[in-house]
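Student: compute the structure for the input listed below.
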Amino acid sequence: MHTTLEDVKKHPVFHYFAEISAIPRGSGNEKEISNYLLRFAKERNLEAVQDEALNIFIKKTASEGYEHVPAIILQGHMDMVCEKNKGTAHDFEHDPISLQLKDDMLYASNTTLGADNGIAVAYALALLDSSDIPHPALEIIITTEEETTMKGALEASPEIFSGEIFINLDSEEEGKLLVSSAGGITAMQALPIQWETAPKGLKGYKIQLSGLFGGHSGMSIQKGRGNANKLLGRMLHDLSVQYPFSLHSINGGLKSNAIPREAEAVIYLPADASIDLPKLVSNWEHVLKNELRTADPGISVTVEETAECPDKLYSVKTTHNVITSLMLIPNGVLSMSQEIVGLTESSTNLGVVTSNSQEVRFVSEIRSSVKSLKQQTVEQNNLIAQLTESRFSTEADYPEWPYLPDSKVRRLFETVYKDLYGNPPEIVAIHAGLECGVFTEKLPHIDAISLGPDMFDVHTPEEHLSVPSTIRTWDYLKAVLQEMNNFYKS
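Tutor: Purely as a prediction, here's the structure:
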């Protein structure tokens with residue numbers, strides 16, 4: 001076991017992971033990390049290209065004796081999800097990620113770690129920097145905005161590649177080889193706010209829901225964790241049935257692909273309203289703690305009076321439409337695969353609700369391994385938008401990655417894994433978006449696979465990475481590259 005962080009950073013993979021962790025690289029803020037990768041390649045006299053989407057493409061010639069092996073496309077993404085615990089003073093636009101070693105796990109300090117997918121970048125850099133690892137010709141592509149729109153992969157030019165083997169390093173469980181993934185799309189409805197003059201004699205309350213685990217909306221959606229936006233919608237609906245109120249603002253969640261952990265609404269009631277709001281909220285906390293006693297036992301619901309008295313509030317119609325949207329927008333697992341036991345086939349996550357002076361926006365991440373089912377959920381959201389007189393739009397539509405029954409690269413990875421560890425790896429499909437789907441659509445001739453080390457609680461401030469697993473996966477990758485000389489006979 002490594003005893004100190006400095007000891008861990010002596011390993012080439014963690015050396016480069018620490019370097020890139022010092023560079024802010026949230027989705028859409030990748031210019032600095034992209035430039036760093038370009039400089040890295042140029043300093044080593046490697047052929048490199050930075051395209052308009054800030055993707056970085058780097059080539060390294062084959063080791064002696066490996067010239068006959070098809071070129072390897074090695075792929076990961078440079079951006080990360082930026083989440084932090086409430087009250088944490090961290091600026092993701094400028095501050096480095098502060099690394100911590102706890103036993104054999106690497107954490108950040110109250111923020112996401114960025115191992116998803118910084119560890120792929122670190123593997124690639126360690127491989128490019130080496131002079132003693134046998135390998136075929138390498139074509140390394142590090143993409144941008146994977147966590148939001150997959151813009152980098154979608155805009156990558158297929159003409160730049162000559163490789164036939166595609167290795168994606170954006171998986172999160174050691175010993176599992178990914179061979180298929182879901183497609184996805186982001187759906188948004190913008191509900192225009194009609195404001196009305198606030199009457200006299202109102203009392204304001206802020207209702208807050210917090211303490212949920214959250215998690216990746218693809219990898220964790222089947223765990224039944226609470227969605228703060230949907231739960232807040234239920235509470236507001238219940239309150240509206242008992243006593244009319246007016247909304248002033250509502251916000252919840254930060255990323256469409258992260259299950260929201262917190263949500264809040266500011267509402268106003270007549271000061272003489274015959275309703276015990278604190279008691280009602282306390283009752284709701286009891287109900288939700290019971291419902292989520294296993295999946296989200298830490299849920300908390302609070303209410304506090306607000307001193308501010310606004311001049312305007314949402315109209316009755318707008319308040320009704322907001323609550324209707326929260327109640328009707330689908331969320332959670334929609335269907336399970338009938339072919340692969342335990343695999344979520346279709347799901348959707350109401351990840352973000354935001355309000356400003358003009359509109360309330362609802363943003364959902366829709367996923368499915370079946371294109372027609374993905375479109376069905378899009379249409380359902382569109383109909384709800386029409387019902388609530390909201391503008392509807394979609395973005396970041398990316399394809400599913402279909403399973404290839406006769407995969408030569410999968411057989412190679414299985415053989416090497418069994419030789420190293422004595423047991424075969426697990427072959428799995430996942431309910432999350434991988435760039436493999438984009439690249440197999442662009443390059444239909446490639447044979448693709450995805451792997452990675454053990455990561456936990458990704459897309460949350462509790463994200464952590466297993467140091468031993470990262471090192472074993474590095475050794476496994478090197479062994480596969482070395483064995484390609486024998487596996488792909490000329």
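Student: the top helix by length along the chain: which residues count as buried?
Tutor: Counting residues, the longest helix found in the chain (DSSP state H) is helix 467-487. Residues of helix 467-487 classed as buried by neighbour count (16 or more other C-beta atoms under 10 Å): 467, 469-474, 476-478, 480-485. For glycine as for every other residue, the C-beta is placed from the backbone atoms N, C-alpha and C.
Student: over that helix, what's the mean pLDDT, rounded is fine.
Tutor: Helix 467-487 comes out with an average pLDDT of 96.
Student: and for stretch 86-104?
Tutor: On average, stretch 86-104 scores 95.
Student: any residues touching it, and which ones?
Tutor: Contacts to stretch 86-104, defined as C-beta atoms under 8 Å, 6 or more residues apart in numbering, come from residues 1-2, 4-5, 8, 18, 21-24, 26, 29, 82, 84, 106-111, 113-114, 210, 262, 461, 464, 466-468.
Student: filter the residues you listed to the buried ones?
Tutor: Buried subset of the contacts of stretch 86-104 (neighbour count, 16+ other C-beta under 10 Å): 2, 8, 18, 21, 23-24, 26, 29, 82, 84, 106-108, 110-111, 113-114, 262, 461, 464, 466-467.
Student: in helices, which of the contacts of stretch 86-104 appear?
Tutor: Residues from the contacts of stretch 86-104 lying in helices, with DSSP H as the criterion: 5, 8, 18, 21, 467-468.
Student: point out where the chain drops to low pLDDT.
Tutor: 1, 490 (pLDDT under 70).
Student: redo that, cut-off 80
Tutor: 1-2, 274, 307-308, 339-340, 489-490 (pLDDT under 80).
Student: quick one, domains of it?
Tutor: Segmentation of the chain into domains, based on automatic domain parsing, reads 5-171+434-487, 185-397.
Student: for stretch 61-76, buried residues please.
Tutor: If you call a residue buried by 16+ other C-beta under 10 Å, then stretch 61-76 has these buried ones: 62-63, 66, 69-76.
Student: is it true that Ala271 touches Gly204?
Tutor: No: here Ala271 does not reach Gly204: they are 9.9 Å apart, not a contact under C-beta atoms under 8 Å.
Student: give me the more crowded residue out of those two.
Tutor: Neighbour count, other C-beta atoms under 10 Å: between Ala271 and Gly204, Gly204 has more, with 20 against 10.
Student: list the buried residues in the host helix or strand of that one.
Tutor: Assigned by DSSP states H and E, Gly204 belongs to strand 202-210. Neighbour-count burial for strand 202-210 flags 202, 204-209 (criterion: 16+ other C-beta under 10 Å).
Student: which residues sit against it?
Tutor: The contact list for strand 202-210 (C-beta under 8 Å, 6+ apart) reads 86, 228, 231-232, 235-236, 246, 248, 252, 261-271, 273, 277, 281, 299-310.
Student: ok, 6 Å please
Tutor: 228, 231-232, 262-269, 271, 277, 300-306 (C-beta atoms under 6 Å, 6 or more residues apart in numbering).
Student: equivalent analysis for stretch 148-161, please.
Tutor: By C-beta under 6 Å, 6+ apart, the residues outside stretch 148-161 that reach it are 27, 53, 55, 57, 73, 139, 143-145, 396, 398, 435, 438, 442-443.
Student: end to end on it, go ahead and measure it.
Tutor: Chord length of stretch 148-161, first to last residue, is 24 Å (C-alpha to C-alpha, to the nearest Å).
Student: buried stuff in that stretch?
Tutor: Applying 16+ other C-beta under 10 Å to stretch 148-161 flags 148-156, 161 as buried.
Student: want to throw those residues into CSV with secondary structure and distance to Lys371?
Tutor: Formatted as CSV, these follow (DSSP: H, G, I helix; E, B strand; the rest coil; distance: C-beta to C-beta, whole Å):
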residue, secondary structure, distance to Lys371
Thr148, coil, 21
Thr149, coil, 18
Met150, coil, 16
Lys151, helix, 20
Gly152, helix, 22
Ala153, helix, 17
Leu154, helix, 16
Glu155, helix, 21
Ala156, coil, 21
Phe161, coil, 24
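Student: distance from the chain centre to stretch 308-323, please.
Tutor: In this view, stretch 308-323 has its centroid 32 Å away from the chain centroid, taken as C-alpha atoms, centre = their mean, to the nearest Å.
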